[in-house]
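> fold the following, please.
(one chain, ligands or ions: 6)
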Amino acid sequence: MWFLAIFFVLMHIVELSNGGVTSNYVRKPEPSVDMPIEMFPPPAGHNAPEQVHITQGDHEGRSMIISWVTPLKHHGAVIYWEAEAKDSNQKKCKVRSRNTSYKYHNYTSGHIHHATIKGLKHDTKYVYELGQHPVTRRFYFTTPPKVGPDVPCTFGVIGDLGQTFDSNQTLEHYISNPKGQALLFVGDLSYADDYPFHNNERWDTWARFVEKSTAYQPWIWTAGNHEIDFAPEIGEKIPFKPYTHRYHVPYQASKSSSPLWYSIKRASAYIIVLSSYSAYGKYTPQYDWLEQEFPKVNRKETPWLIVLLHSPWYNSNNYHYMEGESMRVMFESWFVQYKVDLVFSGHVHAYERSERISNVRYNITDGLSTPIKDASAPVYITIGDGGNIEGIANSFTESQPSYSAYREASFGHAILDIKNRTHAYYTWHRNQDNEPVVADSTWFFNRYWYPEEEHN
Ligand SMILES: *[C@@H]1O[C@H](CO)[C@@H](O)[C@H](O)[C@H]1NC(C)=O
Ligand SMILES: *[C@@H]1O[C@H](CO)[C@@H](O)[C@H](O)[C@H]1NC(C)=O
Ligand SMILES: *[C@@H]1O[C@H](CO)[C@@H](O)[C@H](O)[C@H]1NC(C)=O
Ligand SMILES: *[C@@H]1O[C@H](CO)[C@@H](O)[C@H](O)[C@H]1NC(C)=O
Ligand SMILES: *[C@@H]1O[C@H](CO)[C@@H](O)[C@H](O)[C@H]1NC(C)=O
Ligand SMILES: [Fe+2]
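Ligands and ions are numbered 1, 2, ... in the order given. Take a look at the predicted model:
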């Protein structure tokens, strides 16, 4: 009898260890089609500023990097002022831009301007103006509140966006959701490299496409494989050339030696950005930086520790299966030791959320190679579902592994709504949902202040 009992116990465990939800929502099967290049002409007017995008410019949130492109060379500048200044004599301030440009095969970029506005007040709306009289364009942004443990803040999350009609839906849904104050972008921006000779005009059209969001709130950039643009067959041997010319990030503020990995603080969150396509082995610059970075995070100041990287470590999709494994092997034990709350990745063009699991005990000889529940481990979210031209990754491994809580092959975006030091509400919106209807949602509990199991 005892073996029967054990048999039933085992059966029960098998049942329990079955994975979470594989959504049966089926999106329309047609492939994604890029919006025609003609749909994104440059703005009217002589040498009009275009492709405007902003990102946090320092570690604390009192600076903003403003970037834009002009067709012709000129001394660019940003003029900015407080939108609701009490003092009506408040003068307008001016910061000059540093301009750059690059060639890629037979493409020559416009003049790319980057200007860093410093010493901004917290939690304040600013208006800024670009261009030369009479062709000027105005935008605005709101700075984050001062960093502190119970300061609420709301992030959007998008990955692998591209510039298809589906990408347009994702972006429009995100913009129409009024909550997002800053966007965590987990890599793969324009997909220009899917075109012959990496047609860099697609970098220009992409930046025009997303301007309606990127000019008004910071997008926190992560590099993906579509940012590499390494093409020695056409003479392009400098990895990340278009991306690093066009998208500046405040990497020096976190003592990083490369724009491909860095950190920022924002309200109650500490955000670490890593590069899946830069060396991360022991003794490499990225490894050394991250080793020194984790101990600097003060959870009493920024309770929420969030990591962005492109290639997911836990992915039960047949697409890009185990591509993130070597980085996981290098870094996962630190993520558990330092109690990272959330890891957002892209790359796989579908959506998946994991349980809190780790696989750090495995050491090749001990046979312990299965992910196990771990209260100190992050939740891993794969959100490479922005809607790019390569289409949906609709082939999940069967059966769903126990670490996978929810997975669905649809396009969409997420909202992470941090309420205080213990609670954050998270929703994933497939490109069908309006705000009240969400495909996946859960409360996240902070790993440092409230390491309880989430029940959803
Ligand atoms: C930036 O613009 C100025 C003014 O036209 C020009 O002198 C300078 O060469 C430009 N720098 C680059 C890197 O294009
Ligand atoms: C760049 O080269 C390709 C292949 O030779 C050609 O098809 C394309 O029109 C060229 N583009 C420009 C801007 O000259
Ligand atoms: C993008 O979506 C918006 C809102 O639905 C729509 O007005 C616009 O026409 C779309 N753009 C394209 C190129 O389809
Ligand atoms: C690997 O695991 C085995 C079995 O638990 C243990 O004896 C050994 O010390 C471990 N090796 C390392 C390098 O941690
Ligand atoms: C944190 O936010 C959650 C959710 O809104 C709330 O239930 C909880 O009481 C808050 N904690 C504190 C200390 O305010
Ligand atoms: Fe990718």
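> ligand 3 contacts on the stretch 1-150 of the chain?
Applying Cβ under 6 Å from any ligand atom, we find that the stretch 1-150 of the chain lies next to ligand 3 at 35, 39. For glycine as for every other residue, the C-beta is placed from the backbone atoms N, C-alpha and C.
> swap the cut-off to 5 Å and go again
residue 35 (Cβ under 5 Å from any ligand atom).
> show me the contacts for whichever residue of the stretch 1-150 of the chain sits closest to ligand 2.
In the stretch 1-150 of the chain, the residue found nearest to ligand 2 is residue 106; the distance is 3.8 Å by Cβ to the nearest ligand atom. Shown in contact with residue 106 (Cβ atoms under 8 Å, 6 or more residues apart in numbering): residue 197.
> how close does it sit to residue 138?
Relative to residue 138, residue 106 is positioned 35 Å away (Cβ to Cβ, to the nearest Å).
> same thing with residue 232?
Separation of residue 232 from residue 138 (Cβ to Cβ): 43 Å.
> again, but for residue 85
16 Å.
> can you get me a residue count around the residue of the stretch 51-200 of the chain found nearest ligand 4?
Residue nearest to ligand 4 within the stretch 51-200 of the chain (Cβ to the nearest ligand atom): residue 186, separated by 32.4 Å. Close neighbours of residue 186, defined as other Cβ atoms under 10 Å, add up to 32.
> so residue 54 sits right up against residue 63, yeah?
No - applying Cβ atoms under 8 Å, one finds residue 54 not in contact with residue 63, separated by 10.5 Å.
> those two: which is more packed in?
The neighbour comparison of residue 54 against residue 63 (other Cβ under 10 Å) goes to residue 54, with 23 against 18.
> need the pLDDT of that one.
pLDDT, residue 54: 99.
> contacting residues around it?
64, 65, 66, 67, 141, 214, 215, 216, 217, 218, 219.
> of the residues you listed, buried ones?
64, 65, 66, 67, 141, 214, 215, 217, 218, 219 (16 or more other Cβ atoms under 10 Å).
> and of these, the nearest to ligand 5?
Of all the buried ones among the contacts of residue 54, ligand 5 sits closest to residue 217, with 23.2 Å by Cβ to the nearest ligand atom.
> okay, buried residues for the host helix or strand of residue 444 please.
Following DSSP states H and E, one finds residue 444 within strand 440-445. Within strand 440-445, the residues that count as buried by 16+ other Cβ under 10 Å are 440, 442, 444, 445.
> just those now: which is nearest ligand 1?
Distance to ligand 1, by Cβ to the nearest ligand atom, is smallest for residue 444 among the buried residues of strand 440-445, at 44.1 Å.
> which residue is the nearest non-sequential neighbour of the closest one?
residue 424 (4.5 Å; Cβ to Cβ, 6 or more residues apart in numbering).
> give me phi/psi at the one you found?
Reported as degrees, to the nearest 10, the phi and psi values for residue 424 are phi -140, psi 140.
> then residue 245?
Main-chain dihedrals, residue 245, degrees, to the nearest 10: phi -70, psi -30.
> what number of residues lie near it?
What residue 245 shows, counting by other Cβ under 10 Å, is a neighbour count of 17.
> quick check: pLDDT value at it.
Note on residue 245: pLDDT of 98.
> tally of neighbours for the closest residue to it other than its chain neighbours?
Of all residues not flanking residue 245 in the chain, residue 102 sits nearest, at 4.6 Å (Cβ to Cβ, 6+ apart). Close neighbours of residue 102, defined as other Cβ under 10 Å, add up to 15.
> residue contacts, residue 102?
In this structure, residue 102 makes contact with 108, 109, 112, 241, 242, 245, judged by Cβ under 8 Å, 6+ apart.
> of residue 232 and residue 138, who's got more company?
residue 138 (12 against 7).
> what pairs with that one across the strands?
residue 129 (DSSP bridges).
> and it, what does it touch?
127, 128, 129.
> most neighbours among those residues, which one is it?
Busiest of the contacts of residue 138 [other Cβ under 10 Å] is residue 128, holding 24 neighbours.
> surely it meets residue 79?
Yes - counting by Cβ under 8 Å, residue 128 does reach residue 79; the two are 6.7 Å apart.
> where's residue 166, which helix or strand?
Residue 166 is located in helix 165-176, with elements delineated by DSSP H and E.
> list the buried residues in that helix.
166, 167, 168, 169, 170, 171, 173, 174, 175.
> which pair in these has the greatest spatial separation?
166 and 175 (15.1 Å; Cβ to Cβ).
> helix or strand next in line after the lowest-mean-pLDDT helix or strand in the chain, which one?
Least confident helix or strand of the chain, by mean pLDDT, DSSP states H and E, is helix 2-16 with a mean of 37. Per DSSP H and E, the first helix or strand lying C-terminal to helix 2-16 is strand 21-22.
> hmm, who's touching that next one?
Against strand 21-22 from outside (Cβ under 8 Å, 6+ apart): 396, 400, 405, 406, 407, 408.
> nearest to residue 417, of the residues you listed?
Residue 417 has its nearest neighbour among the contacts of strand 21-22 in residue 406, at 17.8 Å by Cβ to Cβ.
> and the strands in the stretch 251-400 of the chain, which stretches?
262-266, 269-273, 304-308, 342-345, 351-354, 357-358, 372-373, 379-383 (DSSP state E, counting those that start in this stretch).
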